[in-house]
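1. Based on what follows, work out the 3D shape:
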Amino acid sequence: MKKLSAVQLKQQALVFNVADTLEAQARKEIPGMLQCWFDVQYHQFPGSLLLRFQFENSASMQAAEPEIKKLAKALECSIIKKGSST
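-> Below you'll find the predicted structure:
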């Protein structure tokens, strides 16, 4: 695996911070949400960022669908806010 550059390490720290915050928020607000994780290609950041959520069951996931747009907007705002402050 290729080592990350200093800029990519900074991006990774940003994404970890935002993903952890968003996961904690989602656990409080969305019943049945278990965890989240992300995948990103740092050379294509932020366009390649993919945040995934795991739910207890399909019923929990379907009930959370209305919240998905809110989570996506929160992620976008957090990335922009954190990115502009670094």
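
2. Confidence-wise, which helix or strand of the protein is lowest on average?
-> Every helix and strand in the chain was compared by mean pLDDT, DSSP states H and E; the lowest is helix 58-85, with a mean of 76.

3. list the helices and strands it packs on?
-> Judged by 3 or more Cβ pairs under 8 Å, 6 or more residues apart in numbering; DSSP states H and E, helix 58-85 is in contact with helix 6-29, strand 50-55. For the C-beta atoms, the positions are set from N, CA and C on the backbone; glycine is no exception.

4. could I get these as a markdown table with mean pLDDT, mean neighbour count and distance to K70?
-> As requested, the helices and strands packed on helix 58-85 are exported to a markdown table (pLDDT from 0 to 100; neighbours: other Cβ atoms under 10 Å; distance: least, Cβ to Cβ, whole Å):
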| stretch | mean pLDDT | mean neighbour count | distance to K70 |
| --- | --- | --- | --- |
| helix 6-29 | 86 | 15 | 9 |
| strand 50-55 | 85 | 14 | 12 |
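
5. Can I get these in a markdown table including distance to V40?
-> Shown next, in a markdown table, are these (distance: least, Cβ to Cβ, whole Å):
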| stretch | distance to V40 |
| --- | --- |
| helix 6-29 | 6 |
| strand 50-55 | 7 |
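
6. if we can go back for a sec, quick one, the least confident helix or strand of the chain and helix 6-29 angle?
-> With axes from the mean of the first three to the mean of the last three Cα atoms, to 10 degrees defining the directions, helix 58-85 sits at 140 degrees from helix 6-29.
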